[in-house]
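K.L.:
Here you go, sequence then predicted model.
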Amino acid sequence: MYSIYREQHLPISIEEAWDFFSNPSNLSRITPNNLGFEVLGDTPESMYSGLFIHYKVSPLFGIPLRWTTEITHVEPYKYFVDEQRVGPYSIWHHEHFFEKTKDGVFMKDHVHYKMPLGLIGRIVHPLIVKPRLNEIFNYRFDVAEKIFSSNLK
């Protein structure tokens, strides 16, 4: 198993953070364009436990893949969890946490994932997958900073 951990403070209300990050359609706004990321089908404005979200993504060499996640846990304004049901990983478990602060919101992302294909997956992980995931999460951080930088409070 591998993990990714990111934290970020934004100068916005917890309600504004929750409304943005729990809306599945906003995921494409914080995903690099070169991933060919597309949410398939209609999605609600806010997540709920049991919601399945279907995507098309081209993470490597422009090869399109289908990815389906299920929102397994939601506590509004506190956290939600998405887990891969169909996709490129053997396991993908992504926790999103939100905490109100005196001057905004503190957010944490924690992902646990497992590569498929045994030894091949373990070889490919440090060469391609880990750098790519770091690029994606760094991009999300930067885009969120830009979107909400005018909200200095």
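P.N.:
Done, it's in.
K.L.:
burial of residue 114, as a residue count?
P.N.:
13 (other C-beta atoms under 10 Å). All C-beta atoms are positioned from the backbone trio N, CA, C, and that covers glycine.
K.L.:
Quick check: bridge partners of it?
P.N.:
Residue 114 has the following beta-bridge partners by DSSP bridges: residue 91.
K.L.:
ok, now which ones touch it?
P.N.:
1-2, 89-91, 121 (C-beta atoms under 8 Å, 6 or more residues apart in numbering).
K.L.:
Let me know the closest of those residues to residue 101.
P.N.:
residue 2 (29.2 Å; C-beta to C-beta).
K.L.:
residues in contact with the closest one?
P.N.:
So residue 2 contacts 112-115, 125, 130 (C-beta under 8 Å, 6+ apart).
K.L.:
ok, those vs residue 55, which is closest?
P.N.:
residue 113 (15.7 Å).
K.L.:
Who does the lowest-mean-pLDDT helix or strand in the chain pair with, and is each partner parallel or antiparallel?
P.N.:
When each helix and strand of the chain is scored by mean pLDDT, DSSP states H and E, strand 38-40 comes last, with a mean of 92. Its sheet considered, strand 38-40 pairs with strand 52-57 (antiparallel) by DSSP bridges.
K.L.:
what separates the strand it pairs with from the chain centre, distance-wise?
P.N.:
12 Å (C-alpha atoms, centre = their mean, to the nearest Å).
K.L.:
ok, and what's touching that strand?
P.N.:
Contacts of strand 52-57 (C-beta under 8 Å, 6+ apart): 24, 35-41, 43, 64-71, 82, 85.
K.L.:
What strands flank the following helix or strand past that strand, and is each parallel or antiparallel?
P.N.:
Counting by DSSP states H and E, the element after strand 52-57 in chain order, helix or strand, is strand 65-75. With DSSP bridges as the test, strand 65-75 is paired with strand 52-57 (antiparallel), strand 79-86 (antiparallel).
K.L.:
among the ones you listed, which is nearest residue 16?
P.N.:
So among the strands paired with strand 65-75, strand 79-86 is nearest, using C-beta to C-beta, at 15.8 Å.
K.L.:
Next, the buried residues of the closest one.
P.N.:
79-84 (16 or more other C-beta atoms under 10 Å).
K.L.:
how distant is stretch 68-83 from the center of its chain?
P.N.:
With C-alpha atoms, centre = their mean, you get 11 Å for stretch 68-83.
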